[in-house]
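Participant: All I have is the shape, not the residue letters:
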């Protein structure tokens, strides 16, 4: 079972076709680490392959997947590789199960999610009070987001404003909800930057 789960994860994340990256070596490293954890009577989470990865592979994979995600963001397209690498260090792997609410409409928007696996829906609930006024009817538009998509990008606009107080996050105007098991990387507004 572990072999199949690892093979599937490597394939779904496009790591088997990545130049200079050997999926067989990665699989062997994951299996070795999993066996060591089992020998130490430690639980392993087959649903979260990142928890089984050795640190060196985890960092390299996060950088590979993170760079691919960041390059799709318009604001990051003209940023050099080194700066993108620093942003990648702020990304944290996240997982959501079916029906998990990832971002809630009307709540502070504190994270941006880069989807690497699964499907989420982004939609409004029909009324919007995010602008501080009374509820107004909004036509519901459901957007299906999948691998390679991101949500919460309004956070970038907020963060790009010089002097924007950390205590005044933008308010989400949509609900983002997992429709399947979802894996991705999140960057949070409250993470310290260097």
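Facilitator: Arrived safely. Note that the structure is predicted; figures quoted are calculated from it, not measured.
Participant: so residue 96 sits right up against residue 115, yeah?
Facilitator: No: assessed by C-beta atoms under 8 Å, residue 96 is found out of contact with residue 115, at 9.8 Å. All C-beta spots, glycine's among them, are computed from the backbone N, C-alpha and C.
Participant: what sits in contact with each of these two?
Facilitator: With contacts defined as C-beta atoms under 8 Å, 6 or more residues apart in numbering, the residues shared by residue 96 and residue 115 are residue 182.
Participant: Settle it for me: which of the two has more neighbours?
Facilitator: residue 115 (24 against 21; other C-beta atoms under 10 Å).
Participant: List the residues that contact that one.
Facilitator: Counting by C-beta under 8 Å, 6+ apart, residue 115 has contacts 145, 146, 147, 148, 149, 150, 151, 182, 183, 184.
Participant: so how far is the strand or helix carrying it off the chain centroid?
Facilitator: In the assignment (DSSP states H and E), residue 115 maps to strand 111-117. Its chain's C-alpha centre and that of strand 111-117 lie 3 Å apart, by C-alpha atoms, centre = their mean, to the nearest Å.
Participant: For that strand, list every residue counted as buried.
Facilitator: 111, 112, 113, 114, 115, 116, 117 (16 or more other C-beta atoms under 10 Å).
Participant: for those, which one is nearest residue 48?
Facilitator: residue 117 (11.4 Å; C-beta to C-beta).
Participant: Which parts of the protein are helices?
Facilitator: Residue ranges of the helices in the chain, as given by DSSP state H, are 2-12, 23-39, 55-70, 81-88, 154-159.
Participant: Quick check: which of the ones you listed is buried the most?
Facilitator: Comparing the helices of the chain on average neighbours per residue, with mean count of other C-beta atoms under 10 Å, the densest one is helix 55-70 at a mean of 17.
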